[in-house]
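K.L.:
What shape does this take:
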Amino acid sequence: MRIRTIKPEFFTHDGLYDLEQKYKLPLRISFVGIWCFCDREGRFKWKPRQMKPCILPHDDVDFEKVLNALESGGFICRYESGGEDYGFVPSFLRHQIINNREMASQLPEPPKDNPRVKDASKTPLVQVQGKGREGKGKDIVASPRERNPLFDTLAESCNMNPSQLTGTEGGRIGKALADIKKASPHVTPEEIRSRAAKYAEVMPKGSLLTPTALAGNWTLCSGAIKKTGMAEWEGEGWKKSL
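P.N.:
So this is what the prediction gives:
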């Protein structure tokens with residue numbers, strides 16, 4: 001079992017609640033438990049008898065039925081490799097920033113044509129770091145995921161391919177996007193592109209434009225723009241934020 005992250009909106013997910021009511025099984029807590037059972041790629045061995053004592057040790061329930069119910073709702077997928085059954089959570093990497101020290105997956109990849117999972121959280125990636133024992137790691141990441149125009153534009157503006165991101169890269173983009181949206185709640189993809197281009201023009205030669213740097217610049221500039229107007233921040237104004 002591993003430490004994983006859970007977002008507040010998970011608790012208000014209607015689809016997961018409705019599925020739980022339909023089957024009269026503890027699907028919500030089980031789904032969270034499965035995240036902890038997954039490796040860093042969101043894969044796990046489909047072994048209900050081994051999973052049940054770790055996830056629902058005190059419940060008198062058939063965990064095979066729990067897995068089947070979650071699969072029927074599209075929240076997990078089952079696949080076979082080498083005569084063994086495995087499962088995976090396709091939305092796992094969209095919501096977990098993985099600790100770099102966590103070992104690489106030892107399980108086979110699921111087939112590429114597996115259906116996408118129904119997402120139990122609708123916010124983009126957010127990297128969370130803590131100082132306690134459980135906060136030493138970085139817990140969330142991306143792929144496969146629902147297409148997010150803002151996320152994709154931010155990645156592309158920093159010369160990154162949004163469909164080929166590592167977990168760390170996805171987490172940084174998600175955190176940067178959250179910071180940008182905090183400063184500019186109604187930001188558009190076009191505005192991200194424009195700001196990235198302006199910032200890149202005034203960066204020191206040889207510097208690399210990153211989502212984190214752009215978000216930091218964005219936050220600084222947004223406060224000043226509100227006071228002085230955008231015109232004052234054209235040209236030399238952007239350099240002041242470097």
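
K.L.:
Output the lowest mean pLDDT helix or strand found in the protein.
P.N.:
One helix or strand of the chain scores below all others by mean pLDDT, DSSP states H and E: helix 236-239, with a mean of 45.

K.L.:
so who does Val187 touch?
P.N.:
150, 180-181 (Cβ atoms under 8 Å, 6 or more residues apart in numbering). C-betas here are computed from N, CA, C, even on glycine.

K.L.:
What are the phi and psi values at it?
P.N.:
phi -60, psi 150 (degrees, to the nearest 10).

K.L.:
now it: how far from Leu177?
P.N.:
9 Å (Cβ to Cβ, to the nearest Å).

K.L.:
what do these two both touch?
P.N.:
Leu150.

K.L.:
pLDDT weak spots in this protein?
P.N.:
Low-confidence segments of the chain (pLDDT under 70): 113-147, 164, 167, 204-207, 222-242.

K.L.:
Hmm, Arg172 is touching Pro211, no?
P.N.:
Yes: the pair formed by Arg172 and Pro211 meets the contact definition of Cβ atoms under 8 Å, at 5.6 Å.

K.L.:
Show me the helices in the chain, by range?
P.N.:
Ranges of helices in the chain, per DSSP state H, are 14-23, 27-37, 48-55, 63-72, 92-95, 149-157, 167-183, 189-202, 211-228, 236-239.

K.L.:
who does the fifth one touch, helix- and strand-wise?
P.N.:
On a contact count with 3 or more Cβ pairs under 8 Å, 6 or more residues apart in numbering; DSSP states H and E, helix 92-95 meets helix 167-183.

K.L.:
Just want the angle from the helix it packs on to helix 149-157.
P.N.:
Helix 167-183 and helix 149-157 are oriented at 120 degrees to each other (axes from the mean of the first three to the mean of the last three Cα atoms, to 10 degrees).

K.L.:
Return the angle between stretch directions for helix 167-183 and helix 189-202.
P.N.:
Going by the same axes, to 10 degrees, helix 167-183 makes 110 degrees with helix 189-202.

K.L.:
buried set for helix 167-183?
P.N.:
167, 169-177, 179-181, 183 (16 or more other Cβ atoms under 10 Å).

K.L.:
mind checking how far that helix is from the chain centre?
P.N.:
10 Å (Cα atoms, centre = their mean, to the nearest Å).

K.L.:
CA atoms of that helix as CSV?
P.N.:
Output of helix 167-183 as CSV, limited to C-alpha atoms (Å, rounded to 0.1, in the frame of the first residue of the first chain):
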residue,chain,number,x,y,z
GLY,A,167,4.4,12.5,-14.0
THR,A,168,6.7,15.3,-12.6
GLU,A,169,6.1,17.5,-15.7
GLY,A,170,2.4,17.0,-15.5
GLY,A,171,2.3,17.9,-11.9
ARG,A,172,4.3,21.1,-12.5
ILE,A,173,2.0,22.2,-15.3
GLY,A,174,-1.0,21.5,-13.2
LYS,A,175,0.3,23.5,-10.3
ALA,A,176,1.4,26.4,-12.6
LEU,A,177,-2.1,26.4,-14.2
ALA,A,178,-3.7,26.5,-10.8
ASP,A,179,-1.6,29.6,-9.9
ILE,A,180,-2.4,31.3,-13.2
LYS,A,181,-6.1,30.7,-12.8
LYS,A,182,-5.9,32.1,-9.3
ALA,A,183,-4.5,35.3,-10.7
